[in-house]
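>>> Requesting a structural model of the entry that follows:
(chains A and B)
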Amino acid sequence: KQEVTQIPAALSVPEGENLVLNCSFTDSAIYNLQWFRQDPGKGLTSLLLIQSSQREQTSGRLNASLDKSSGRSTLYIAASQPGDSATYLCAVYAGGGNKLTFGTGTQLKVEL
Amino acid sequence: SQTIHQWPATLVQPVGSPLSLECTVEGTSNPNLYWYRQAAGRGLQLLFYSVGIGQISSEVPQNLSASRPQDRQFILSSKKLLLSDSGFYLCASIPTSGQTNGNEQFFGPGTRLTVL
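Below is the predicted model:
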């Protein structure tokens, strides 16, 4: 059974700092990995999708990497801003029906 | 691009009452559809998914059920709500069905259900 872990569970940083969020998964036979952000009381917003054949994806200040063999992904956020404050979730595709297995998330707070 | 609608946005129901949450998708056809629940302080739990009209797969045994009467409509129901059914319910969609390599999944705004 696929298990996804995210470390740290919570993170507080000053504005402008570069930061890394970690995601690990137990079964490396994944199809792809997706990063989301969730604002309080809201749905999930897709940030980046990395296919199993890819090593990384970039969108603006966000960069996500994938190392299937070690079962790890990182989300790098450059020059963090207060608007980046949210919970960040990673999820891997496992099994038929395109089902996602989610991590428990990292709650990020960027302070002025 | 697709848009996912969910209603109601919030709902307060007494224990033992019925439930019907609706999700509709615009901008795509024949999507895979999903219902998730997010309980307070816990992660996302997949409840049901559907790869086509009338095709429902249940992930977790419980007093909830799902139906897909139309291609872009997904309904979550219960005949009698329990206190433990409280949570944030999210509908999600993958624009292309039948894919096994995992396409990008998109989420609706969610429904906050409180059972008293």
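>>> check contacts around B:Asn63.
Counting by CB atoms under 8 Å, 6 or more residues apart in numbering or on different chains, B:Asn63 touches B:78-82, B:85. Yep, even glycine has a C-beta here, placed from its N, CA and C like the rest.
>>> of the residues you listed, buried ones?
Neighbour-count burial (16 or more other CB atoms under 10 Å in any protein chain shown) applied to the contacts of B:Asn63 gives B:78, B:81, B:85.
>>> Please identify which of those residues is nearest to chain A.
Chain A has its nearest neighbour among these in B:Asp85, at 18.3 Å by CB to the nearest CB.
>>> Confirm for me that the closest one is in contact with B:Leu64.
Yes. Look at B:Asp85 against B:Leu64 with CB atoms under 8 Å: they come within range, at 7.1 Å.
>>> Need the overlap of contacts for those two.
B:19, B:78.
>>> Which stretches in chain B count as strands?
Assigned strands in chain B, in chain order: B:3-7, B:10-13, B:19-26, B:32-38, B:44-52, B:55-58, B:64-70, B:73-78, B:87-94, B:106-107, B:111-115 (criterion: DSSP state E).
>>> just how off-centre is the fourth one within its chain?
Going back to what we said before, that points to strand B:32-38. 4 Å (CA atoms, centre = their mean, to the nearest Å).
>>> Ok, the shortest one next?
What separates the centre of strand B:106-107 from the centre of its chain is 11 Å, taken as CA atoms, centre = their mean.
>>> what about that strand and chain A, touching?
Yes. Strand B:106-107 lies within reach of chain A by CB under 8 Å from any CB of the partner chain, at B:106-107.
>>> Which strands border that strand, and is each parallel or antiparallel?
Here strand B:106-107 has these sheet partners by DSSP bridges: strand B:87-94 (antiparallel).
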